[in-house]
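Enquirer: Structure, please.
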Amino acid sequence: MKMKKVMMTVAVCAALMCSQGAYAQVVQEAKEAKKEIKADRKEAKAEKKMMKAEKHAGTPEGDAKMAKAEKKQEKAMKKEIKSEVKDTKANAKATVKEARKSSN
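Expert: Model (predicted):
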């Protein structure tokens, strides 16, 4: 009877570990998707600011708006890079997990 309980416990723990790994992978992919969405939003805002700044080109107000738009553009590019890093990290984790699985 004790052996049956031990085997049952081991089976449950193994199932939880497998599902936890899959859950971690899903969480990682969700984080990457969230970063990508944020990057897209920032880029859209930067483009909008750039268009507004172009309307006022040649004026002091236009120069200030252009500087702000360029700053937004830089921040959007940084977000895009962070998004790509998250994607690379998620892919690396998946590859490592598969390699560990195949070696066992």
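
Enquirer: following the least confident helix or strand in the chain by mean pLDDT, which helix or strand shows up next?
Expert: For the chain, scoring each helix and strand by mean pLDDT, DSSP states H and E identifies helix 2-55 as the least confident one, at a mean of 70. Next helix or strand after helix 2-55 toward the C-terminus (DSSP states H and E): helix 60-103.

Enquirer: which helices and strands does that next one pack with?
Expert: Under the contact criterion of 3 or more C-beta pairs under 8 Å, 6 or more residues apart in numbering; DSSP states H and E, helix 60-103 touches helix 2-55. Any C-beta I mention is one placed from the backbone N, CA and C, and that applies to glycine too.

Enquirer: contacting residues around the most centrally placed residue in the chain?
Expert: Centroid-nearest residue in the chain, with C-alpha atoms, centre = their mean: Glu32, separated by 1.8 Å. Neighbour list for Glu32: Ser83, Lys86, Asp87, Lys89, Ala90 [criterion: C-beta atoms under 8 Å, 6 or more residues apart in numbering].

Enquirer: ok, and the closest non-adjacent residue to it?
Expert: Lys86 (3.9 Å; C-beta to C-beta, 6 or more residues apart in numbering).

Enquirer: Any figure for the gap between that neighbour and Lys55?
Expert: Note on Lys86: its distance to Lys55, by C-beta to C-beta, to the nearest Å, is 35 Å.

Enquirer: same thing with Lys42?
Expert: The spacing between Lys42 and Lys55, counted by C-beta to C-beta, is 21 Å.

Enquirer: do the same with Asn91
Expert: Asn91 is 42 Å from Lys55, where distance means C-beta to C-beta.

Enquirer: Between the two, point out the one with more neighbours.
Expert: The residue with more neighbours, out of Asn91 and Lys55, is Asn91; 13 against 9, by other C-beta atoms under 10 Å.

Enquirer: what sits up against stretch 66-74?
Expert: Contacts to stretch 66-74, defined as C-beta under 8 Å, 6+ apart, come from residues Lys42, Glu43, Lys45, Ala46, Lys49, Met50, Lys52, Ala53, Glu54, Ala57.
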